[in-house]
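[1] Provided below are the primary sequence and the corresponding predicted coordinates.
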Amino acid sequence: MTFLWSEMLWLLLIVPILVSAYVLLLRRKKKQALRYASLAVVKEAMGTRPQIRRHVPPLLFLSALTLMIIAIARPAAVVTLPSQHETVILSIDVSGSMRANDVAPSRIVAAQAAARSFVEQQPRTTRIGVVSFAGTASVVQPPTLNREDILAALDRFQLQRGTAIGSGILVSLKMIFPEIEIDLRSSNPRSRGPRSAAIDKAPKAQMPDFKPVPPGSYTSAVIILLTDGQATTGPDPIEAARMAAERGVRVFTVGIGTTNGEILGEEGWSMRVRLDEASLKRIAAVTNAEYFYAGTATDLTKIYRTLNSRFVLEKKATEITALFSAAAAVFAIFSGLLSMLWFNRIL
Amino acid sequence: MSELTQTPEAILRRLEWTVLRRLDGLLHGDYRTLFRGFGVDLADLREYQYHDDVRHIDWNVTARMQTPYVRVYNEERDVTAWFLLDLSPSVDFGSQKVKKRAVSTELVTVLARILSRHGNRVGALLYGGIVDTVIPARTGRRQVLHLLHKMLARPELAQSTETNLQDLLQSAFQVIPRRSLIFIVSDFISTPGWAKPLAQLAQRHEIVAVRLYDKLEMELPDFGLLVIQDAETGEQVFVDTHDRTFRTRFAAVAARREEDLRTAFRQAGVDALELATDDNIMDAILRFADLRKRRSRLAAGGSIPQHLEQ
């Protein structure tokens, strides 16, 4: 435990002074004494038991004072508290397969509804951003605190062709870390520098790499990825997940649809969609997160709700003045109550 | 009761009017009801004649002889009454309107006046830590006034040594030569060891112990937290009277102390009269008269009724 205003601890010297003052007060002859004929009977009636009851309320009061003085010095300690995400990126698949009706009323509508309820449950201090990915990923809403903007963004989805899961992850990552360099066009997302460089110039010294952190340790941002099929185009999702893991960001994956595969037919042509659970699970494992499967709309809502409440307890150094003040108040109240109960006076 | 800021003369006159005249009415002018059984020798037995006092009939003889016979007493001898007064600071305590000391002063005045009115001699020993005043026995109203003045003139001491009644009793032994009627007026809050001298004194004289007490000494009601100071030693004790166990124990200890006192009086052969601070003087003296009547009946060969046996 450390103290933010440790000079105030000098006030603790008051405590022994108070104790000695109390003892002196007890010892001195009281002027307001009842003059009585003889104390023989009184002393015999009092018995030999030590009279500690009358010292209990002052003792409690002294403890309250001590706690208050410690609270003045503003103690801080490493406390286990639920961690709050500061940024949540919702990454939603808007490929054509999301039009299917196996999740009522349709996959995309269910996803939007679940995302909406998730947004409403998030605390006001969380920024939420929305990324939609199909053949390529685009930022629908940069992270913001404004709930209306986010809800409006959720309604703006337009279904396209293709599913590039890796792009979804990478664009979300870029929203969290704007300085990151990603390459969406090749299958290896790690950027090798500008694609066009002058031939005669020496290659620029690489910027020093950032220091990789353990996966899942960056707790202030989270990516929630929703998809219904397998990656058909774009960068390798596993490699993208590794990039996220290097920065400690967790990617929660939600799979929607059927794993057996389904044939969707529309406008005369049909396609087969299959949910690739293995890769989604791998993405989640790499970034030290979790994978969820949603078979119905309620499942989906439930998953988002689970994600919402999936707080991680982290150890944080916080000021615990409030604890000490509360304890001091409790002690003072007890002192007053006991004194009133036993002696009909406040202290 | 009384405001003791008055002069002795005023106090005596008030007591004469309020107490003594009523006593005369109740005792039919015969003060010997109070002091019977003492200093009266059976001089003669003669047959009953018309003007004799019916109370002097000797019933045992009458039963034997089948005609009323009357006892004739030889009553010329005067009673010398001595008052052993304990005026230590513990007597200065009182929870009602008056203190024990005021009550004792009034009682002593009344008794002394009754006695001196009939030509008896009255003297006193005043004790306040040590026996500091001896008032030799004299007759007359002036003696009563002198006694009253001496009692009132004592200042209220804040603190003193603890009362030791042994000193008082032993001084009485030395000072009082002939057989007398001794009233010991005290609250008997003293270092133990006075029972034996009392018994010795009782063999020589006739003693009436007047025990002063206050209702607060018998039980302490709930006053909350108190600091109690001993009137004699000045020692202070912090007491929580709110505690019920303390109060019951206090009452038990006080009752036990009373029992011990009564036992000591009985073993010494001393009559005890108990006087509380809220008692009426008249009632006290009538109780005393009753006590003496019982004792005289005992002396005449009767027995105390069962319910009065102590």
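    That came in fine, so what should we check first?
[2] and the helix or strand encompassing A:Ala21, what other elements does it pack with?
    Using DSSP states H and E, the element containing A:Ala21 is helix A:14-27. When contacts are defined as 3 or more CB pairs under 8 Å, 6 or more residues apart in numbering or on different chains; DSSP states H and E, helix A:14-27 sits against helix A:56-72. To be clear about C-beta, it is placed using only N, CA and C from the backbone, and glycine gets the same treatment.
[3] Contacts for the helix it packs on, please.
    With contacts defined as CB atoms under 8 Å, 6 or more residues apart in numbering or on different chains, helix A:56-72 is touched by A:5, A:8-9, A:11-12, A:14-15, A:18-19, A:22, A:321, A:324-325, A:327-329, A:331-332, A:334-336, A:338-339, A:342-343, A:347.
[4] could you check the angle helix A:56-72 makes with the helix holding A:Ala21?
    Interaxial angle of helix A:14-27 relative to helix A:56-72 (axes from the mean of the first three to the mean of the last three CA atoms, to 10 degrees): 160 degrees.
[5] coming back round to it: show me which of the contacts of helix A:56-72 are buried.
    Neighbour-count burial (16 or more other CB atoms under 10 Å in any protein chain shown) is assigned, among the contacts of helix A:56-72, to A:321, A:324, A:327-328, A:331-332, A:334-336, A:339, A:342-343.
[6] Just those residues: which are in helices?
    Of the buried ones among the contacts of helix A:56-72, the ones assigned to helices by DSSP state H are A:321, A:324, A:327-328, A:331-332, A:334-336, A:339, A:342-343.
[7] tell me the contacts of the closest residue to B:Ala264 other than its chain neighbours?
    Of all residues not flanking B:Ala264 in the chain, B:Ala195 sits nearest, at 4.5 Å (CB to CB, 6 or more residues apart in numbering or on different chains). By CB under 8 Å, 6+ apart, the contact set of B:Ala195 is B:264, B:267-268.
[8] Kindly indicate which of these lies nearest chain A.
    The shortest approach to chain A among these belongs to B:Ala264, at 15.5 Å (CB to the nearest CB).
[9] okay, the closest one: pLDDT?
    Turning to B:Ala264, the model gives it a pLDDT of 92.
[10] what's the offset of the one helix or strand it maps to from the middle of its chain?
    Per DSSP H and E: B:Ala264 is located in helix B:244-268. Its chain's C-alpha centre and that of helix B:244-268 lie 20 Å apart, by CA atoms, centre = their mean, to the nearest Å.
[11] Show me what it is packed against.
    Identification of packing neighbours for helix B:244-268 by 3+ CB pairs under 8 Å, 6+ apart yields helix A:40-46, helix B:195-204, strand B:206-213, helix B:215-218, strand B:271-276.
[12] which stretch among these comes nearest A:Gln121?
    Taking CB to CB, helix A:40-46 is the member of the helices and strands packed on helix B:244-268 nearest to A:Gln121, at 64.9 Å.
[13] Surely A:Ala278 is in a helix?
    Yes. Counting by DSSP: H, G, I helix; E, B strand; the rest coil, A:Ala278 is located in a helix.
[14] okay, now it: neighbour count?
    Per other CB atoms under 10 Å in any protein chain shown, the neighbour tally for A:Ala278 reads 11.
[15] Might you report the residue contacts of it?
    By CB under 8 Å, 6+ apart, the contact list for A:Ala278 is empty.
[16] on that earlier part again, possible to save the helices and strands packed on helix B:244-268 as TSV with mean pLDDT and distance to A:Thr126?
    Supplementary listing: those in TSV, determined by pLDDT from 0 to 100; distance: least, CB to CB, whole Å:
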stretch	mean pLDDT	distance to A:Thr126
helix A:40-46	85	66
helix B:195-204	90	92
strand B:206-213	90	82
helix B:215-218	88	74
strand B:271-276	88	83
